[in-house]
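Undergrad: prediction below, plus the sequence it came from.
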Amino acid sequence: MAEISISNKDWQRVKIKIQRKYNNLTDEQLQYTEGQEEGLITNLMHLVNRKRDYVVFTLQKALVNIDNNRL
C-alpha cells in the first residue's frame, strides 16, 4: 500500500512541480487517477531512475508545500 494519498486536485500542482524538476517528463507519462498512488510511485521510479524511498519522499515534500512552487 502506498504511503501517500493524492487527490486529483493536488496532483495537478504536484505534477507541475515534478515536471519542473524533471523537464523531460510529459503529461502523458504522468497520468494519474485518484487512488492509484502505488502505480504512480512505480511509474515515477522507472521514469526518473530512482529508488522508491526517494520518489515517496519527493511526493511527500511536494504535498507538504502544495502552495509553494518549489519541490
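TA: Cool, got the structure. Bear in mind that the values here come from a model prediction, so they are computed numbers and not experimental data. Numbering: from 1, shown residues only.
Undergrad: rest of the way, CA atoms for contacts and neighbours
TA: Will do.
Undergrad: grab the nearest non-local neighbour of the residue most central in space within the chain.
TA: By Cα atoms, centre = their mean, the mean C-alpha position of the chain lies nearest to Leu59, the distance being 4.8 Å. In this structure, Leu59 finds its nearest non-sequential neighbour in Val14, 7.4 Å apart by Cα to Cα, 6 or more residues apart in numbering.
Undergrad: residues contacting the one you found?
TA: Leu59, Ala62, Leu63, Ile66 (Cα atoms under 8 Å, 6 or more residues apart in numbering).
Undergrad: my guess is the second one contacts Lys15. True?
TA: No. Contact criterion Cα atoms under 8 Å: Ala62 and Lys15 do not qualify, at 9.2 Å.
Undergrad: so these two - more neighbours on which side?
TA: Using other Cα atoms under 10 Å as the criterion, Ala62 and Lys15 rank with Ala62 on top: 23 against 19.
Undergrad: give me the residues contacting the helix or strand harbouring that one.
TA: Assessed by DSSP states H and E, Ala62 sits inside helix 52-64. Counting contacts by Cα under 8 Å, 6+ apart, the residues outside helix 52-64 that touch it are Glu3, Ile4, Asp10, Val14, Lys17, Ile41, Thr42, Leu44, Met45, Arg70, Leu71.
Undergrad: state the number of residues packed around the fifth one.
TA: For Lys17, the number of neighbouring residues by other Cα under 10 Å comes to 20.
Undergrad: alright, I will stop here.
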